[in-house]
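Colleague: no sequence on this one, just coordinates:
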Ligand code: PEP
């Protein structure tokens, strides 16, 4: 489970406090790995705040060169020094607002892996692409472009985040549509497309092992029904990761499902829990 804080928490003290609260709340979580991705300026101090806790740290982006004259960018080395274990790459806000393309995302993925940082590679189609029947094609093409020259062994360190752009709670990305989470059917179908692509290009073992997580308006109220889906291995959460109160119940849903504590079944399109 990942919390992507974007540029939402601008005060260091607040970032530290939220991180501390999340870390305290997940002390007994044992089956789910959790990371948060604060703003770059907060990485060092949040990293210090959560050392010796189960909460992990992620960068929201990085440059595709190790270091150099790249104004406004952040190096993989700085992320590692701050204590990051993960880095979110190719987020749709990076792709659609800042024009990032698969070939640079691919260089970043390779650089991160070579430095032992785990990329959380984001892919996803827009509302228009989905309406035009291009969901599979767009996601497959982003996978092919972003994972070029990534070996099966290297893929063991990659997490894929399927994030349909239209489901991301962001008015800049989605100015003209009503933003809503993917339905379980939509999410399930897309995750199957992603896993099938991995199977076709990397084989059955890689397909079975790679975590494919869902992102797009995941909240406490819809987390369980999304996380129950067989091909969904976790979540990347934006808005609902900005406080422990909102994020921790989602993590608890994941933990319960991972431990098989909830007994549930599908009754047509409704998820029903047995007593
Ligand atoms: C995201 O941007 O990665 C995301 C999933 O955001 P939200 O949960 O706010 O839709």
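Modeller: Looks like it arrived, so ask away. As the structure is a computational prediction, the values presented were derived from the model and not from experiment. Residues are numbered from 1 along each chain as shown.
Colleague: Which single residue in the stretch 101-250 of the chain comes nearest to the ligand?
Modeller: Going by CB to the nearest ligand atom, the ligand is nearest to residue 238 of the stretch 101-250 of the chain, at 2.2 Å. Every C-beta, even on glycine, is put in place using the N, C-alpha and C of the backbone.
Colleague: and the gap between that residue and residue 118?
Modeller: 19 Å (CB to CB, to the nearest Å).
Colleague: Neighbour count: these two, which is higher?
Modeller: residue 238 (23 against 20; other CB atoms under 10 Å).
Colleague: which ones are touching that one?
Modeller: Counting by CB atoms under 8 Å, 6 or more residues apart in numbering, residue 238 makes contact with 4, 6, 168-170, 215.
Colleague: Residue 233: which of the residues you listed is nearest?
Modeller: The closest of the contacts of residue 238 to residue 233 turns out to be residue 215 (CB to CB; 12.1 Å).
Colleague: Quick check: pLDDT value at the closest one.
Modeller: Reported pLDDT at residue 215 in the predicted model: 98.
Colleague: just residue 156 next, same as before
Modeller: Confidence score, pLDDT, at residue 156: 98.
Colleague: longest helix of the chain?
Modeller: helix 184-202 (DSSP state H).
Colleague: Now do that one: which elements does it pack against?
Modeller: Counting contacts by 3 or more CB pairs under 8 Å, 6 or more residues apart in numbering; DSSP states H and E, helix 184-202 packs against helix 135-146, helix 152-155, strand 159-162, helix 204-209, strand 212-215, helix 220-227.
Colleague: try 6 Å this time
Modeller: Helices and strands touching helix 184-202, by 3 or more CB pairs under 6 Å, 6 or more residues apart in numbering; DSSP states H and E, are helix 135-146, strand 159-162, helix 204-209, strand 212-215.
Colleague: Any chance of TSV for these, columns mean neighbour count?
Modeller: Output for these, formatted as TSV (neighbours: other CB atoms under 10 Å):
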stretch	mean neighbour count
helix 135-146	18
strand 159-162	26
helix 204-209	13
strand 212-215	25
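Colleague: now the ones you listed in a markdown table, with distance to the ligand?
Modeller: Below are these laid out as a markdown table (distance: least, CB to the nearest ligand atom, whole Å):
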| stretch | distance to the ligand |
| --- | --- |
| helix 135-146 | 15 |
| strand 159-162 | 7 |
| helix 204-209 | 23 |
| strand 212-215 | 3 |
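Colleague: Quick one, which of those gets closest to residue 18.
Modeller: strand 212-215 (18.9 Å).
Colleague: Tell me which helix or strand comes right after the helix or strand that contains residue 236.
Modeller: Following DSSP states H and E, one finds residue 236 within strand 235-237. Counting by DSSP H and E, the next helix or strand C-terminal to strand 235-237 is helix 244-259.
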